[in-house]
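In: sequence-free structure coming up:
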């Protein structure tokens with residue numbers, strides 16, 4: 001799947017990538033969908049296979065992005081099974097409507113990647129997470145819906161550090177990296193569990209504050225930083241034998257020592273080390289070039305997975321080094 005941004009809109013300050021259409025007033029889901037160019041639907045159409053008998057139930061369907069006008073063409077997105085349930089963009093956004101209506105969240109950005117294989121909406125939750133001193137994180141919910149026949153509707157918890165815009169990724173209490181809703185017949189029931197989701201939201205962010213504060217209380221020396229990096233970015237056996245230090249370790253160490261990231265006070269802590277990694281993954285990792293590919297990596301791809309692993313390893317080390 002291509003990871004370029006197909007369309008996008010934002011409310012408030014322009015996002016770091018500078019892409020998208022500005023929405024002046026606090027938008028509803030319908031307004032955000034229209035502004036972001038997501039006012040299209042998908043349709044499942046049966047695929048007739050060679051040798052298939054008349055009246056036989058289709059075993060495969062093609063998921064089609066329907067044209068909004070005669071000026072557009074239909075786009076095939078994926079091949080899916082009869083069990084798959086296509087969730088329209090409007091349905092996915094409506095999941096956030098009761099939360100936004102309760103002033104528990106505000107739509108900030110929305111858009112799609114590729115030809116619409118992945119659609120997302122980012123909503124800001126009121127209030128900030130005070131970590132240590134003036135270091136604060138804003139609280140966001142990232143809802144994504146896939147039209148590629150593989151993923152599910154997922155809601156990730158993504159605090160963003162105010163001072164340098166590092167995007168963090170949180171796991172749920174059970175270790176899962178997102179609150180998910182499968183594309184199935186029971187989806188309608190799951191999408192009504194707004195109150196349950198709100199409980200998960202508040203609990204997850206409250207737990208995160210406690211964790212972040214604990215990381216900020218654990219000092220980290222240079223040798224301990226290497227131990228941490230080895231857990232997040234394991235070395236190849238042949239490199240270990242040759243005593244070769246990975247180049248990314250040096251880049252992250254530079255960020256940890258000051259580098260181009262705003263200094264943390266105190267900086268030489270597990271919280272500082274974790275943020276050096278998130279800074280590297282968000283801004284220095286160059287495997288995916290361009291702002292649109294960077295967005296995909298930071299939120300959905302390898303960068304998101306690495307940042308979550310970095311947080312989990314930091315939590316484990318905090319318990320180990322505190323004893």
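Out: The structure has been received and is ready for your questions. Owing to the predicted nature of the structure, the values given are computational and were not obtained by experimental measurement. Numbering: from 1, shown residues only.

In: go through the protein and flag its longest helix.
Out: Once the chain is assigned using DSSP state H, the helix that runs over the most residues is helix 194-216.

In: so which elements touch the next helix or strand after that one?
Out: Counting by DSSP states H and E, the next helix or strand C-terminal to helix 194-216 is helix 222-232. Secondary-structure packing of helix 222-232 (3 or more C-beta pairs under 8 Å, 6 or more residues apart in numbering; DSSP states H and E): helix 247-257, helix 270-279, helix 302-322. C-beta here means a position set from N, CA and C on the backbone, and glycine is covered the same way.

In: out of these, the one nearest residue 176 is which?
Out: Of all the helices and strands packed on helix 222-232, helix 302-322 sits nearest to residue 176, with 10.3 Å by C-beta to C-beta.

In: tell me the domain boundaries of the chain?
Out: Using automatic domain parsing, the domains assigned to the chain come out as 5-192, 211-322.

In: mean confidence score for the last one?
Out: When pLDDT is averaged along domain 211-322, the result is 84.

In: could you work out the end-to-end span of that domain for me?
Out: Domain 211-322 has an end-to-end distance of 13 Å (C-alpha to C-alpha, to the nearest Å).

In: now it, how far from the chain's geometric center?
Out: Centroid separation for domain 211-322 versus its chain: 18 Å, with C-alpha atoms, centre = their mean, to the nearest Å.

In: check stretch 32-47 too.
Out: 21 Å.

In: tell me the buried residues in stretch 43-62?
Out: 44, 61, 62 (16 or more other C-beta atoms under 10 Å).

In: can you pull the contacts of the first one?
Out: For residue 44, the residues meeting the contact criterion (C-beta atoms under 8 Å, 6 or more residues apart in numbering) are 61, 62, 63, 64, 80, 84, 86.

In: in a strand, the second one, correct?
Out: Yes: under DSSP: H, G, I helix; E, B strand; the rest coil, residue 62 sits within a strand.

In: how close does it get to residue 26?
Out: 38 Å (C-beta to C-beta, to the nearest Å).

In: just checking: what are the partner strands of the one helix or strand residue 44 maps to?
Out: Here residue 44 sits within strand 42-46, counting by DSSP H and E. Applying DSSP bridges to the sheet, strand 42-46 is found paired with strand 61-65 (antiparallel).

In: quick one: buried residues of stretch 216-227?
Out: Here stretch 216-227 shows 216, 218, 220, 224, 225 as buried, counting by 16+ other C-beta under 10 Å.

In: contact partners of it?
Out: If you take C-beta under 8 Å, 6+ apart as the criterion, stretch 216-227 is touched by 131-132, 135, 228, 249, 253, 256, 264, 266, 268-273, 317-318, 321-322.

In: residues in contact with residue 55?
Out: Taking C-beta under 8 Å, 6+ apart, one finds nothing in contact with residue 55.

In: touching, residue 149 and residue 84? I think so.
Out: Yes: between residue 149 and residue 84 there is a contact under C-beta atoms under 8 Å: 6.3 Å.

In: mutual contacts of those two, please.
Out: Contacts common to residue 149 and residue 84, judged by C-beta under 8 Å, 6+ apart, are residue 63.

In: what angle sits between the longest helix of the chain and helix 302-322?
Out: Angle, helix 194-216 to helix 302-322, by axes from the mean of the first three to the mean of the last three C-alpha atoms, to 10 degrees: 60 degrees.

In: give me the buried positions along helix 194-216.
Out: Within helix 194-216, the residues scored as buried using 16+ other C-beta under 10 Å are 194, 197-198, 200-201, 204-205, 208-209, 211-212, 214-216.

In: generate a PyMOL selection restricted to the buried subset of the contacts of stretch 216-227.
Out: Buried subset of these, written as a PyMOL selection, criterion 16+ other C-beta under 10 Å:
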select buried, resi 131+132+135+228+249+253+256+264+268+269+270+271+272+273+317+318
